[in-house]
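Asks: 3D, please:
(one chain, ligands or ions: 2)
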Amino acid sequence: MEPTRSEFLFMGLPHKVAFYTLMAAAVGVLAWQVRDRFRLWMTGRPIGWKSDWLGNFGRYVLGQRKVRTSRPKSGAPMHLLIFYGFLTLFIGTTLLAINTYSPWKFHKGTYYLVYEFTLDIMGLALLVGLLWALARRAFAKPKSLISSVSDFWTLVLLLALTVTGFFLEAFRMAAVPKPFDVSAPVGHWIAQMLPPISAPAYIGLWWFHAILVAVFIAVLPQLRLRHILYAMLSTAGAPPDPMGALPKVSIEEVEETGRIGAQKAEHYTRWHLLSLDACMECGRCTEVCPANGVGKTLDPRQVVQGIRGILGTDGEIAAAVTEEALWACTTCSACVEVCPVMIRHVDLIVDARRFLAAEGKLAGSAANLLRQLQSTESAWGTPASEREAWMEGHDVPLVRDLVSRGETFDVLLWVGCAGVSDRNAMGVNRAFVKLLKKAGVRFACLGKEERCTGDPARRIGDEFLYQQFAEMNIQTFEQYGVKAIVTACPHCFNTIRNEYPQFEGNYEVYHTSQFLAKLIEEGKLRAPHPEDGSVTLHDPCYLARVNNEADAPRRALGAESNLNEHTTPIDRWLHSPMNGGTKIAEPERRAQKTLCCGAGGGRMWMEDPPDKRPSDRRVQELLDTGASRIAVACPFCHIMLEAGMQKVAPESGVEIVDIVRLVEEANA
Ligand code: SF4
Ligand code: SF4
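Replies: Ligands and ions are numbered 1, 2, ... in the order given. Presented below is the predicted three-dimensional model:
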C-alpha cells in the first residue's frame, strides 16, 4: 500500500461546501480589517527608496536575524520555536492544498512520510514554544513584557489549535489505522492510547479544529499576533539606509506641504506607518533605552504605540508622545538595534522634533546651541579664528598651505568642534598627530576652514541648518580633492560617512581607532596591550552600534576582540588569545549593546536633572569591571563620563582616557 491519505475523511459534499464557506468568511473578515489599515498607511508620504525585499525577507523574516541577535536569551528560543513551528505547519497546509486542487498529486510515497514526520516534529516545537510563552507571561513575567487578557487568550487559542491538530491526526489513525502511521510519531503515540474512533467523533473534532482556525484568521488583526502579517511586510520593505543616516527633507517637500517634519502620524512615510502596526509590544526597546533607564518619560514602545494610536485621527504627535519625551532622546539607536521588527524610532522622534523646532518650540540651552552654530559654525561656539589654537607648536600641516605649495596629502584629519574647544579632545588630536607622523602618514587639517558637520543641528531638528553645513563642508572637500577622512569623533564620523552621501559627498571615512588598528597591523605603530583586566572600554553608540564597529577600538588596544554575533570568523581568529590579544575588562553592556553616555542627539547641550543622568549609570557599570582605566573613543563620551565620575566616585582614582592617548603612551 503506497503511503498517502485522502482529505475530508468520512465527509461528503455538504461538509466541503460548509468548510469553504466558513474559510471564505474568515479570510474576508481578515482582508476587510487589513484593507482598513492599508488605507491608513496610504495616508502617509510616499516611500522614496528601493528596498532589498528578497534579501530582507530571507535575512530578517525567514532567518529571524534580529530575533536571534537582539532578544534576551529566554525570549529568542521561545520565539524561534513558535515561528518555525508555525511556518512549517503553514507551508505544510499550503502544500496539501496544492496537492488537493492542482493536477499534481505528489502527496504520497516517501515524500508523504517525510512530510508527516516533519510536520509532527515542528508541531511539537510549536507546542513547546507556546507553553514556554504562556509560562513566561504567567510566571516569569519579565519587566519589559506587558500582558493583557487578550494575550493569554491568544496563546490559549494557539495551544488549542495545535493540540486539536495532533488529536485530529490521532483520531484519523485510530479510526483508519495504516502501517505507515508511525511516520507521524506524536499522532501515532496519542493514537495508541485511544479507543477505536467512530466516524462522527472524527467529524466532530475536525469541525471543532476548523472553527478554531477560522476564528484565528478572523481575529488575527485585532491581536498582538498581527505582527505575523505586518512585520513580514515592514521588514521586507525596510529602508536600505544605514542606521546612522536620518532621512533627508527636501525644500520642494516643504514648499509643497508648508511644513517641516511630522506634526501628525500621516506626515511619516507609508513604510513608517506600516511599521507601527508591526510592533508586537515586546518592550525590548524600552528595556535598553538609556533615557527610560534613568526614569525619564521617554519610552520608545510608547512612542510607537502613541503614534499608532493617533493614526487616522486629528491627534498630534507631541500630545500623544509628549514634547518632554521627544526631547529626551539621545538618538543612541539602542531601540532600533534591538527591535525585532526593524522599527526606526529615531526617524520617528527626529521627524517630530523637526516640526517642533520649526514651530519655535525649542528653548533654553538647545536653542542656544543652534544660535551658536549659526553665528560661529561651531557647536562649542569657538570662532574660526581660534580653530588652529590647539595645533600651536605642533607643526600640523594645513591643507591650504600644502595645496598652495602644490603638495598633496593622503588623508584629511577632521578635528571636530570638540577637538578645537575641549581640553581633553585637543590633547587627543595632538596625540593623534604625533602618531600619524611617527607612522609616516601624509595627512593635513583644514584648520580655520573646518566647521561643524551639522550633526547636532540635524538631530535636534534643524534640518536646513544641517544641510547648509553639509553642503559647505562638501564644497571644501571637493575644492581640495579630499578622498579620505579620519576623525576622533564618532558623531562626525557617522554624519560624513552615512549622511553626506545624501548630498553627493562620498569619502572613505575612518574613525581614529580604525586608522590606528590599521597602522598597528601594518607594523607602523605598537599596540598598548594593557595588562589583563586593567583597562575597560566604553564603546561609543555612534561607532559600535550605529556603525557596527566594535572591533577596531579593541584591535587598537591590542586586546582580544569582543566576540559576538557581529564578529566575522576572520576577526575571531585574528584576535584570539593565541594571536597575542590581552583581555580588557568588558562591561556588561558593550559593543553593539553599549549603554549610551547621554550626549547624543543634541543632549550634550541640554540640561539633565542631577538624578536623571545616563552617564552616572554608565560610569557605575564601568567601575564595576574593576579596571583602573576607562578607555573611550569619543570626545562626547569623555566629557559625559568625566562628569559622571565626579559625581559617582570622585575619589576612585580611575582614569578616563582616549584610546589614542593609550596608543601614544605605547609609542612614546
Ligand atoms: S518597537 Fe520593536 S522593540 Fe519596541 S516594543 Fe515594538 S516590536 Fe518591541
Ligand atoms: S534612540 Fe536611544 S534614547 Fe532615543 S528612544 Fe531609542 S533607546 Fe531611547
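Asks: I'd say Gln502 and Ala245 touch.
Replies: Yes - between Gln502 and Ala245 there is a contact under CB atoms under 8 Å: 6.9 Å. Using the backbone N, CA and C atoms, a C-beta is placed for each residue, glycine as well.
Asks: if you count what's nearby, which of these two comes out ahead?
Replies: Ranked by neighbour count (other CB atoms under 10 Å), Gln502 and Ala245 place Ala245 first, with 19 against 15.
Asks: For Arg661, which non-adjacent residue is spatially closest?
Replies: Ala431 (5.3 Å; CB to CB, 6 or more residues apart in numbering).
Asks: cool, and Cys289?
Replies: Sequence neighbours aside, Pro300 is the residue nearest to Cys289 in space, at 5.3 Å (criterion: CB to CB, 6+ apart).
Asks: mind listing what the one you found touches?
Replies: Pro300 is in contact with 285-286, 289, 292, 335, 345, counting by CB atoms under 8 Å, 6 or more residues apart in numbering.
Asks: same thing with Asp120?
Replies: Asp120 sits next to 169, 184-187 when contact means CB under 8 Å, 6+ apart.
Asks: For the helix or strand hosting it, what is the distance to the chain centroid?
Replies: According to DSSP states H and E, Asp120 maps onto helix 109-135. Centre-to-centre, helix 109-135 and its host chain are 31 Å apart (CA atoms, centre = their mean, to the nearest Å).
Asks: Can you list the buried residues in it?
Replies: By neighbour count on 16 or more other CB atoms under 10 Å, the buried set for helix 109-135 is 112-113, 115-116, 118-120, 122-130, 132-134.
Asks: where does the residue nearest to Cys289 land on pLDDT?
Replies: The score at Pro300 is 98. That number is its pLDDT.
Asks: quick one: it from Val346, how far?
Replies: Look at Pro300 and Val346: by CB to CB, to the nearest Å, they are 9 Å apart.
Asks: In three-state terms, label the residue in the stretch 101-250 of the chain that ligand 2 sits nearest to for me.
Replies: Ligand 2 sits closest to Met243 of the stretch 101-250 of the chain, with a gap of 10.3 Å, by CB to the nearest ligand atom. What DSSP: H, G, I helix; E, B strand; the rest coil gives for Met243 is coil.
Asks: which residue packs closest to it, ignoring adjacent ones?
Replies: Val546 (5.1 Å).
Asks: my guess is the one you found meets Asn494, correct?
Replies: Yes - with contact defined as CB under 8 Å, Val546 reaches Asn494; the gap is 5.8 Å.
Asks: quick one: the helices in the stretch 51-200 of the chain?
Replies: Using DSSP state H, counting those that start in this stretch, the helices of the stretch 51-200 of the chain run over 53-56, 65-70, 75-101, 109-135, 149-175, 185-192, 199-219.
Asks: wait, which of those is closest to ligand 1?
Replies: With CB to the nearest ligand atom as the measure, helix 65-70 is the member of the helices of the stretch 51-200 of the chain nearest ligand 1 (8.2 Å).
Asks: Can you pull the residues of the stretch 251-400 of the chain lying near ligand 1?
Replies: Within reach of ligand 1 by CB under 6 Å from any ligand atom, the stretch 251-400 of the chain has these residues: 279-285, 300-301, 304, 338-341, 343.
Asks: Which of those residues has the largest number of neighbours?
Replies: For those, the largest neighbour count, defined by other CB under 10 Å, is 30 neighbours, found at Pro300.
Asks: quick one: that one and Met232, what's the gap?
Replies: For Pro300, the distance to Met232 equals 22 Å [CB to CB].
Asks: same check, this time on Phe477
Replies: The gap separating Phe477 from Met232 is 41 Å, by CB to CB.
Asks: ok, these two, which is more surrounded?
Replies: Between Phe477 and Met232, Phe477 has the larger neighbour count (other CB under 10 Å), namely 21 against 17.
Asks: From what I see, the more buried one and Leu412 are in contact.
Replies: Yes - between Phe477 and Leu412 there is a contact under CB under 8 Å: 7.4 Å.
Asks: who touches both of those two?
Replies: Common neighbours of Phe477 and Leu412 (CB under 8 Å, 6+ apart) are Ile485.
Asks: and the residue nearest to Arg497 when sequence neighbours are not counted, which of the three is it?
Replies: Leaving aside its sequence neighbours, Arg497 sits nearest to Val509 (CB to CB, 6+ apart; 3.9 Å). Assigned with three-state DSSP, Val509 falls in the strand class.
Asks: Give the bridge partners for Val509, please.
Replies: The residues listed as beta-bridge partners of Val509 by DSSP bridges are Ile485.
Asks: Strands along the stretch 251-400 of the chain, start to end?
Replies: With DSSP state E, counting those that start in this stretch, there are no strands along the stretch 251-400 of the chain.
Asks: for the stretch 201-350 of the chain, which spans come out with low pLDDT?
Replies: Low-confidence segments of the stretch 201-350 of the chain (pLDDT under 70): none present.
Asks: Now do the domain split for the protein, please.
Replies: Residue ranges for each domain of the chain read 13-232, 241-361, 377-518, 524-666, as given by automatic domain parsing.
Asks: Can you add distance to Arg371 and give those back as a markdown table?
Replies: Conversion of those to a markdown table gives the following (distance: least, CB to CB, whole Å):
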| stretch | distance to Arg371 |
| --- | --- |
| domain 13-232 | 30 |
| domain 241-361 | 13 |
| domain 377-518 | 9 |
| domain 524-666 | 11 |
